[in-house]
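Colleague: Need the 3D shape of this:
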Amino acid sequence: MKPYRGRILALALGLSALAALPWVPKGSALAPPIIAIMLALVTRRLFLSLGSAVVVGALLHKGLGAGLRDYAWKNALEPSHLYIIGFTLALLGMVQVTARSGGARGIVEAVARWVRSARGTKLGTFAMGVLVFFDDYANCMLVGPTMRPFADRYRVSREKLAYIVDSTAAPISGIVLISTWVGYEAGLLGDVAKTLGLSESGYALLFSALPFRFYCVLTLVFVFVSSYFDRDFGPMLTAERRAREHGKLVRDGAKPLGGDSERHAEPPPGAPLRWINAALPVGVVVLGTLGGLVVDGGGLEKLGPRSALSFAFWRETLSASENNVQVLFAAALAGAAVAIVLPLGQRILSPAQSLGAFLRGVKAGASAVLVLLLAWALAAVCKDLGTGPVLVAAVGKSLPTVMVPVVTFVVAAAVAFATGTSWGTMAILIPTAVPLAHATGSEPLTLLTMASVLDGAIFGDHCSPISDTTLMSSIAAGSDHVDHVATQLPYALTAMLAALFGGYLPVALGWPPAAAYAMGVAMVVLAIFALGRRVA
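Modeller: Sure thing, here's the model as predicted:
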């Protein structure tokens with residue numbers, strides 16, 4: 001570590017120790033996430049940053065021994081976390097097998113007629129991200145590895161690929177009414193509706209708030225416009241020109257998550273490049289996920305020719321699924337099994353080669369799994385220290401009515417950024433911010449506040465280096481994680497400012513949503529053309 005970085009680490013640890021003193025109890029709640037975020041951005045050492053924050057949090061709350069036992073060991077054995085790890089590793093193994101069998105190369109050759117440029121690659125990634133709308137984890141892990149060969153061929157930087165993957169994951173899953181997010185969001189809104197004595201269901205409230213989801217929509221607009229016109233600015237422009245002009249997909253010294261398993265992924269000499277060997281396993285994962293969610297959501301008995309085309313059926317069924325991570329894991333295992341068996345039957349790979357490729361993919365995910373475990377441990381630390389409530393309380397109790405949704409968005413973003421969890425942020429703020437808005441007696445303001453909680457949580461999660469979806473985007477794209485965060489942050493902030501000043505504030509002042517969207521889109525386009533430059 002360079003000397004100045006060592007001094008920064010010592011300062012961060014000293015400040016956290018100061019925060020533990022009795023007369024600054026609120027500071028102790030903020031110390032771990034601040035340490036994690038600052039060290040990650042300054043030192044670019046993710047394990048050091050997250051590990052330091054977890055250790056400090058353990059010292060502040062439970063003592064080192066008990067804290068590490070609860071936050072590291074018990075948190076790692078949480079069933080939902082194990083399923084997510086299994087899902088991630090199974091997909092990484094599956095992707096490696098499809099590459100080794102020539103299936104991935106076959107898809108590249110088959111799709112090459114449509115994707116013939118860097119712009120086509122970026123737009124194709126955007127389109128795939130929009131189509132894989134039903135789950136943000138599945139979105140990341142299916143879209144990134146599928147489009148990575150095109151990005152490499154046409155010299156699209158790994159940072160740009162990770163940005164597009166990340167920006168079409170939670171922003172899509174959070175606003176479509178058929179996704180694994182809907183049940184959670186609607187459940188929280190349903191609970192607060194009962195508390196406030198409202199007659200609407202959680203789903204009805206979620207649907208009513210849909211016209212006010214400015215950040216998610218403007219993020220998608222930003223991705224499309226910047227990709228279509230091949231314009232970038234800030235660190236992303238540097239990364240894109242490095243890749244386009246020099247063929248360096250990552251910067252010198254970068255540490256891409258996912259390892260270097262690609263070098264082992266070439267098919268045997270003379271092996272046929274059959275796209276079906278990659279498309280079929282991916283199809284099994286997609287259909288297995290949808291089918292599993294239907295079964296888990298109790299929709300099997302209602303399924304029929306008409307219901308299969310019914311929007312209401314899919315919304316209700318997928319929202320009712322309570323075991324979505326188990327379904328994802330099972331679907332990924334099924335896809336991996338198909339990927340392993342296909343080249344065996346065609347005698348492209350031997351059993352040892354096929355299984356070896358799968359295990360290399362799993363091994364390549366080891367560092368990514370460690371990062372996920374540390375991020376989850378830090379989220380548990382923040383929960384126990386009350387990081388979210390401290391940030392909420394800091395806003396104050398007295399606000400002008402028109403500022404309620406605006407400040408709610410900012411607080412939600414801060415909580416999600418500090419804790420790395422959008423769902424946790426929603427759970428904290430929906431029961432506190434929505435009643436505050438409802439007390440004003442304005443139904444539009446209440447709906448706008450609901451949307452600002454959901455969007456603010458997604459924005460903060462989108463920017464946070466300790467967010468699991470941000471981490472998974474880096475894994476899926478094969479990007480250095482800190483580089484992904486550093487290049488994505490200016491773009492997310494631009495979309496956020498457009499949403500805040502072009503969307504939430506004007507609507508709170510009485511503008512119709514359509515006019516607010518027009519202003520927000522205009523602000524995004526203006527920013528891209530005023531600040532951005534053509535990559536090549």
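
Colleague: rest of the way, CA atoms for contacts and neighbours
Modeller: Fine.

Colleague: Pull the contacting residues for Thr470.
Modeller: Asp166, Asp461, His462, Cys463, Ser464, Val485 (C-alpha atoms under 8 Å, 6 or more residues apart in numbering).

Colleague: do the same with His61
Modeller: His61 touches Gly67, Asp384, Leu385, counting by C-alpha under 8 Å, 6+ apart.

Colleague: Name the nearest residue to the second one, sequence neighbours excluded.
Modeller: This points to Asp384. Once flanking residues are discounted, Asp384 sits nearest to His61: 7.5 Å by C-alpha to C-alpha, 6 or more residues apart in numbering.

Colleague: same deal with the first one?
Modeller: Counting by C-alpha to C-alpha, 6+ apart, Gly67 lies nearest to Ala58, which is 4.3 Å off, once chain neighbours are set aside.

Colleague: quick one: what helix or strand has the one you found in it?
Modeller: Element membership of Ala58, judged by DSSP states H and E, is helix 46-61.

Colleague: Quick check: phi and psi at the residue lying closest to Thr219 once chain neighbours are set aside.
Modeller: Nearest non-adjacent residue to Thr219, counting by C-alpha to C-alpha, 6+ apart: Ala495, 5.5 Å away. Taking degrees, to the nearest 10, you get phi -60, psi -40 for the backbone angles of Ala495.

Colleague: if I pick Ala495, what's in contact with it?
Modeller: Contacts of Ala495 by C-alpha under 8 Å, 6+ apart are Tyr215, Leu218, Thr219, Phe222, Val524.

Colleague: Can you flag which of these belong to helices?
Modeller: If you go by DSSP state H, the contacts of Ala495 have Tyr215, Leu218, Thr219, Phe222, Val524 in helices.

Colleague: out of those, who has the most neighbours?
Modeller: Neighbour counts for these (other C-alpha atoms under 10 Å) peak at Tyr215, which has 29 neighbours.

Colleague: so how far is Thr494 from that one?
Modeller: 10 Å (C-alpha to C-alpha, to the nearest Å).

Colleague: gap between the residue nearest the centre of the chain and Ala53?
Modeller: Centroid-nearest residue in the chain, with C-alpha atoms, centre = their mean: Thr469, separated by 2.8 Å. Separation of Thr469 from Ala53 (C-alpha to C-alpha): 19 Å.

Colleague: for Arg119, same thing?
Modeller: Distance check for Arg119 against Ala53: by C-alpha to C-alpha, it reads 40 Å.

Colleague: and what of Pro343?
Modeller: Taking C-alpha to C-alpha, one finds Pro343 at 45 Å from Ala53.

Colleague: Between those two, which has more neighbouring residues?
Modeller: Taking other C-alpha under 10 Å, Pro343 and Ala53 do not tie; Ala53 has more neighbours (29 against 24).

Colleague: so the more buried one sits right up against Ala36, yeah?
Modeller: Yes - using C-alpha atoms under 8 Å, Ala53 is in contact with Ala36, at 5.3 Å.

Colleague: host element of the closest residue to Ala72 other than its chain neighbours?
Modeller: The spatial neighbour of Ala72 that comes closest, neighbours along the chain excluded (C-alpha to C-alpha, 6+ apart), is Ala377 at 5.8 Å. Element membership for Ala377 (DSSP H and E) is helix 366-385.

Colleague: Now do that helix against helix 46-61: the angle between them, please.
Modeller: 20 degrees (axes from the mean of the first three to the mean of the last three C-alpha atoms, to 10 degrees).

Colleague: Mind listing what's buried along helix 366-385?
Modeller: Buried residues in helix 366-385, counted by 16 or more other C-alpha atoms under 10 Å: 366-369, 371-383, 385.

Colleague: Could you do stretch 116-123 as well?
Modeller: For stretch 116-123, by 16+ other C-alpha under 10 Å, it's Ser117, Ala118, Arg119, Gly120, Thr121, Lys122, Leu123.

Colleague: Likewise for stretch 248-258?
Modeller: Lys248, Leu249, Val250, Arg251, Lys255, Pro256, Leu257, Gly258.

Colleague: any idea how the protein splits into domains?
Modeller: 1-77, 79-185+262-365, 205-259+366-536 (automatic domain parsing).

Colleague: so which of the ones you listed gets nearest Asp191?
Modeller: domain 205-259+366-536 (8.2 Å; C-alpha to C-alpha).

Colleague: what is the rounded mean pLDDT of that closest one?
Modeller: If you average the pLDDT over domain 205-259+366-536, you get 87.

Colleague: What about Asp232? Give its phi and psi, please.
Modeller: Torsion angles, degrees, to the nearest 10, at Asp232: phi -140, psi 170.

Colleague: now Lys248
Modeller: The phi/psi pair for Lys248 (degrees, to the nearest 10) is phi -90, psi 100.

Colleague: Tell me the secondary structure at the spatially closest residue to it that is not a sequence neighbour.
Modeller: Ranked by C-alpha to C-alpha, 6+ apart and with sequence neighbours excluded, the top spatial neighbour of Lys248 is Arg242, at 5.9 Å. Classification of Arg242 using DSSP: H, G, I helix; E, B strand; the rest coil returns helix.

Colleague: What distance do you get for the nearest residue to Ala427 once chain neighbours are set aside to Thr195?
Modeller: Nearest non-adjacent residue to Ala427, counting by C-alpha to C-alpha, 6+ apart: Leu188, 6.8 Å away. Note on Leu188: its distance to Thr195, by C-alpha to C-alpha, is 11 Å.

Colleague: of those two, who's got more company?
Modeller: Between Leu188 and Thr195, Leu188 has the larger neighbour count (other C-alpha under 10 Å), namely 21 against 11.

Colleague: what packs against the helix or strand hosting the more buried one?
Modeller: Assessed by DSSP H and E, Leu188 sits inside helix 180-196. The helices and strands touching helix 180-196, judged by 3 or more C-alpha pairs under 8 Å, 6 or more residues apart in numbering; DSSP states H and E, are helix 202-209, helix 311-320, helix 422-438.

Colleague: Give me the helices and strands touching the last one, please.
Modeller: Contact partners of helix 422-438 among helices and strands, from 3+ C-alpha pairs under 8 Å, 6+ apart: helix 180-196, helix 387-395, helix 404-419, helix 443-463.

Colleague: Let's have the ones you listed in a markdown table, adding distance to Val95.
Modeller: Formatted as a markdown table, these follow (distance: least, C-alpha to C-alpha, whole Å):
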| stretch | distance to Val95 |
| --- | --- |
| helix 180-196 | 23 |
| helix 387-395 | 37 |
| helix 404-419 | 31 |
| helix 443-463 | 25 |
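
Colleague: Between those, which one is closest to Pro305.
Modeller: Taking these one by one with C-alpha to C-alpha, helix 180-196 is closest: 22.7 Å.

Colleague: State the mean pLDDT of the closest one.
Modeller: 74.

Colleague: the inter-axis angle of it versus helix 202-209?
Modeller: 100 degrees.

Colleague: low pLDDT regions in the stretch 51-200 of the chain?
Modeller: Low-confidence segments of the stretch 51-200 of the chain, defined by pLDDT under 70, are located at 108, 112, 134, 177-180, 182-184.

Colleague: all helices for it, in order.
Modeller: 64-68, 75-76, 79-100, 103-111, 118-131, 136-153, 158-167, 170-173, 180-196 (DSSP state H, counting those that start in this stretch).

Colleague: Run through who's touching the shortest one.
Modeller: If I follow you right, that is helix 75-76. Against helix 75-76 from outside (C-alpha under 8 Å, 6+ apart): His81, Leu82, Leu373, Trp376, Ala377, Ala380.

Colleague: Skipping its backbone neighbours, what lies nearest the last one in space?
Modeller: Excluding the flanking residues, the one nearest Ala380 by C-alpha to C-alpha, 6+ apart is Tyr71, at 6.5 Å.

Colleague: I figured the one you found was touching Ala379, is that so?
Modeller: No - contact criterion C-alpha under 8 Å: Tyr71 and Ala379 do not qualify, at 9.1 Å.
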